[in-house]
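> mind looking at a prediction? Sequence and model below.
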Amino acid sequence: MNEPFLKLVAADIKDRFGHDLSDVAIVFNNKRPITYLKKHLADVYGRAIWSPQFFTIQEFFRQSSQAAEASQMTQFFYLYELHNRLLEQENIQPETLEEFYPIAEIILSDFSQLDYDLVSVDHIYMELYDTSRIDLEFQYLTPEQQNFIRQFWQSFSAAGHTGVQLRFLKLWKRLPLLYRAFKQQLAEHKQTNFSTVYRHLAEGTADNPDFIHTYKKVLFVGFNALNKAEATLFKKWQEEERALFYFDADAYYLEDQQQEAGLFIRRNMYQTGLHNALGDSPDIIGNRTDDVYMYASTGKVSQTKLLHDILLQQEKEGKSSVILLADESLLVPLLQSLPDLKINITTGFPLTQSPLFGLLDLWMKVHEQISHFKKDKIPFQDLESFLNNPLTKIAAFERKKNQASIVEQQLFEVTLGDITIRTSVLPHFFRPLSSNEDVIPTLLHMLDNILLSAAQDSPIKQIEANLLIETKKVLHQLQLGFARMPSLSILFQIGLIRKAIAPVNAAIEGDPLDGLQIMGLLESRCLNFDQVYILGANEGILPATSGTATFLPNNLRKAYGLPVLENQDALSAYLFYRHFQYSTNIHLFYNSIVDESSTGEESRFIRQLEFESKFRFIKRLQQQPILFTAPTDELIIPKTGEIGQKMYDRFIRQGRRISATALTTYLQSPLQFFLKHIADIKEPPSISQEFEMNKLGTVIHNVMESILRPYKGKTEFTATKVLLDKMDDVDQLTLAEIGGQYHTVFHTMEELNSLQRIMHKIASAYVKMYVQYDVDNYRAFRIIELENDEDYTLDFPIQIQDRIETVTLFGIIDRVDEVLTEDGEIKTRIVDYKTGGDSVSFKTMDKVFAANTENKALVQTLFYAYVFEQVTGRRHIEPHLYVARRMREEGTLFCSTKGVVLEGSYLAEQKETFRDFLKATLEEIFNPDVPFRHHPEMHVYESDPYTLFYRSAVHSQGDGEQE
């Protein structure tokens, strides 16, 4: 690496000032370079010296004023009060704090910019419809600047104004009055802000304009884009021989007028007339032929994954390294991707991406609903968010108790009075506020409790402590401002608090001279590193394509020399190019994917260097790895040892019953059968925003049973048309059953939430379809059995190795009935209700009676029919499937795709075949030579909680396929 800029400055300081620097002041744009210059001074001098005094530019200028600094929130409240007074004078309805907040940010920014660039408020806000006045009023401006003003006001000279233009002109007239009132308010309270300090100092009206005389010499180091106040003062102090200027520049972009990176330093040196204490700038970039590595990632966050791998490969001994975030939103994914390295971060960690903000935002959301909507319930997700936030420190048993209560009762909303939180550091989190004045005190008390709890458990992490402290500062400032206002609603206060704390961030300070440094491009001014990694080097980010919000139109900004987007481009170019002066190992990362937030192109600064310089750009495109799945360790469970003994004890000796569902589970995945019925790994309890189909099925089954139960046990047939009288009861019966599913009693539809209403509509419609189908297809019916009458069990002999053992089969049968057809034929039916995607259709019985059966519902109804016939002695029972979605078109009898209906002699034949298939399947279940493994052809649903266990079996089915 070439000599670092600050080392050159240190050497020049020694040559000029010798060993006594006590009356020398050194001024930077920010604090970061101070530590580095101190180190270089120590290296250059090699001995103890009287240290110079170090300042940031704002700290240095602040010595000229005796007024106290007004916080941003204080300035906002001043501006709000003054603006509403002006609105009242115009007979316009005052604005609320929340409405004014975003406007105030823009106004304060504009006022500051006018101060920094010494722009006359009377002139810039002048109304100039008569453009001839421009030549008279602005003779001191260049013709080009006058033309910019003329263009702006000509856009208003067309006949009539739009509504937007009228509102803008009213605001335009108001702004100079607001500016003066605001400055007067600050003065009356003996307060100031930085922009006011700058203007007063540059215009000679500061409290202590001669403070610079305190120092023998003031050294301004590394400045680039100067505002008018700085340029005025710097030129004056140079003429008085009180100041020296050290500009970090390279002749490559400084001497070439086409290079935007040199715009500001050319302006400083050739227009303002400032001299570079280091003399002529060297041409380093133009003569370098180093390699520069470019990485095109396949996604924004993928840049950080690529960087992880590259950092592991880099030589670290004796090398200084920095990660520069052109896109600072990559900070959090970067921290999650870094290898185990010593790091130092000064880029602010955003509050909005921390658990603390999650907790504060949740509190505000909950209390918005409680106070504004007068609700005594909250969504279950809000309670779960609280329980799972690490800062709440709730005891594990209490967390599980609350979560279990939600799941067991399937509560989509939780009543506030039912929430019991005793072990958390925030036990009153959900307690309604007693008054409007309690909002900020409650939040501050929460922050104190979190801080105290974190400090007691372990040394509090610096980032957490900084975020807590910075958030408290903002809340205290808001509290002072709210005290000046009449009583404000809870909803309004929360809205403003959310906006005020959103920008809070905290630096994560480490050792700036050791380890991997992480910072934004702007923070890297004056600093040089051997190894540089720049993330987010995309066009549209480097440079940015949008500027700061402003009420000062672009033409006027150009006319008065105020910053415009082109200035931002020039500053970004400078910050980027200067690293090519010194660093020997540069890595550039950009997102090559085109999406709503990315152009998919590298920064034009890179393309310019690639085209114009002698650097060799080595491009690497990140390839998404194509993973050819080699045979993996499939999960195979043998039926030997303890597992075989457990199966024997459970199903043979203890008589654990095997259901139709267990049978089809085995057919689809023997591994899942093992997990559910032998290993007892149950599906985790959960509550879903989508109602579960099993709940819908239970509601329908129970309503059908309620309708048909009065006819159970009658010896005579009942005409099906009597069921039409039951249609009017269906909605109320469904309402009652839904209440039972959610452990409550519903009296009206209005008590249901949106998902329960959907369930009610579907269940009612399905029940009416079932009833109507019976009425349309049969003359009369007689109920033999209903679902909750009896569980039918059957001892079934099978051969296990060389001995005969007995397993117990059982079935819960939805309905067994006899029906009288229109032809006068009496049929005995076993009916199974289905609400999912089941069908009565099948291709062949061979595919039904097989592993991974093609029709699970048919296997189950044949199972029910077999058990019922064997237990009761009844014969010729037809299996029927009621699938609401398809029964009108397909009927309820099972039928092959070739049109063969499962009835009569064909049904009798298949029942015999089913018995043999059932026996063979059960014997396979207990066969120790056939282990439990997953059928790879089985369709796996996203919601299947056992997916993880048999994923390897799915992958291992096809070597060479892309995963």
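It's in.

> residue at max distance from the center of this structure?
residue 824 (65.8 Å; C-alpha atoms, centre = their mean).

> can you tell me the SS state at that one?
Judged by DSSP: H, G, I helix; E, B strand; the rest coil, the three-state class of residue 824 is coil.

> the stretch 351-500 of the chain: helices as residue ranges?
Secondary structure of the stretch 351-500 of the chain (DSSP state H, counting those that start in this stretch): helices at 355-372, 380-388, 396-409, 439-457, 462-483, 490-501.

> which one of the ones you listed lies closest to residue 310?
Nearest to residue 310 among these is helix 462-483; the distance by C-beta to C-beta comes to 25.4 Å. Backbone N, C-alpha and C define where each C-beta goes, glycine included.

> contacts for the closest one?
71-74, 76-77, 349, 351, 354, 356, 360, 440-441, 443-444, 447, 450-451, 454, 488, 493, 496-497, 500-501, 504-509 (C-beta atoms under 8 Å, 6 or more residues apart in numbering).

> only alpha carbons, please: show it as CSV.
C-alpha atoms of helix 462-483 as CSV (Å, rounded to 0.1, in the frame of the first residue of the first chain):
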residue,chain,number,x,y,z
GLN,A,462,-22.7,-2.7,24.1
ILE,A,463,-25.2,-2.5,21.2
GLU,A,464,-28.2,-3.3,23.5
ALA,A,465,-27.0,-0.7,26.0
ASN,A,466,-26.5,2.0,23.4
LEU,A,467,-29.9,1.4,21.7
LEU,A,468,-31.6,1.5,25.1
ILE,A,469,-29.9,4.8,26.0
GLU,A,470,-30.4,6.4,22.7
THR,A,471,-34.1,5.4,22.7
LYS,A,472,-34.5,6.9,26.2
LYS,A,473,-33.0,10.1,25.0
VAL,A,474,-35.6,10.5,22.2
LEU,A,475,-38.4,9.6,24.6
HIS,A,476,-37.3,12.2,27.1
GLN,A,477,-37.1,14.8,24.4
LEU,A,478,-40.6,13.9,23.3
GLN,A,479,-41.8,14.0,26.9
LEU,A,480,-40.6,17.6,27.2
GLY,A,481,-42.3,18.5,24.0
PHE,A,482,-45.6,16.8,25.0
ALA,A,483,-45.6,18.8,28.2
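
> that helix vs helix 355-372, what angle?
Orientation check (axes from the mean of the first three to the mean of the last three C-alpha atoms, to 10 degrees): helix 462-483 against helix 355-372 gives 30 degrees.

> let's number from 56 now, not from 1
New numbering, starting at 56: the last item is helix 517-538.

> list the buried ones in helix 517-538?
The neighbour-count check on helix 517-538 (16 or more other C-beta atoms under 10 Å) flags 518-519, 521-523, 525-527, 529-530, 532-534, 536-537 as buried.

> ok, now stretch 892-905?
Buried residues in stretch 892-905 (16+ other C-beta under 10 Å): 893-895, 897, 900, 903-904.

> next: stretch 221-232.
Those would be 227, 229-232, for stretch 221-232 by 16+ other C-beta under 10 Å.

> ok, back up a step: how about the helices of the stretch 406-555 of the chain in a markdown table, adding mean pLDDT and distance to residue 252?
Formatted as a markdown table, the helices of the stretch 406-555 of the chain follow (pLDDT from 0 to 100; distance: least, C-beta to C-beta, whole Å):
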| stretch | mean pLDDT | distance to residue 252 |
| --- | --- | --- |
| helix 410-427 | 91 | 33 |
| helix 435-443 | 91 | 44 |
| helix 451-464 | 85 | 52 |
| helix 494-512 | 88 | 30 |
| helix 517-538 | 89 | 20 |
| helix 545-556 | 90 | 24 |
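
> do you know how far the residue positioned nearest the centre of the chain is from residue 390?
What sits nearest the mean C-alpha location of the chain, by C-alpha atoms, centre = their mean, is residue 408, with 8.3 Å. Applying C-beta to C-beta, to the nearest Å, the value for residue 408 to residue 390 is 10 Å.

> and what of residue 240?
Residue 240 is 42 Å from residue 390, by C-beta to C-beta.

> next, count neighbours for residue 609.
Neighbours of residue 609 under the rule other C-beta atoms under 10 Å: 16.

> pretty sure it contacts residue 617?
No: with contact defined as C-beta atoms under 8 Å, residue 609 does not reach residue 617; the gap is 9.4 Å.

> which residues does residue 572 bridge with?
Taking DSSP bridges as the rule, residue 572 bridges to residue 377, residue 399.

> who's in contact with stretch 791-799?
463-466, 750, 753-754, 757-758, 761, 800-801, 807, 811, 814-815, 818.

> now the buried members of those.
The buried subset of the contacts of stretch 791-799 - by 16+ other C-beta under 10 Å - is 464-466, 750, 753-754, 757-758, 761, 801, 807, 811, 814-815, 818.

> filter these down to the ones in helices?
464, 750, 753-754, 757-758, 761, 811, 814-815, 818 (DSSP state H).

> make TSV from these and add distance to residue 59 to it.
As requested, these are exported to TSV (distance: C-beta to C-beta, whole Å):
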residue	distance to residue 59
464	66
750	69
753	74
754	75
757	79
758	81
761	85
811	68
814	69
815	73
818	75
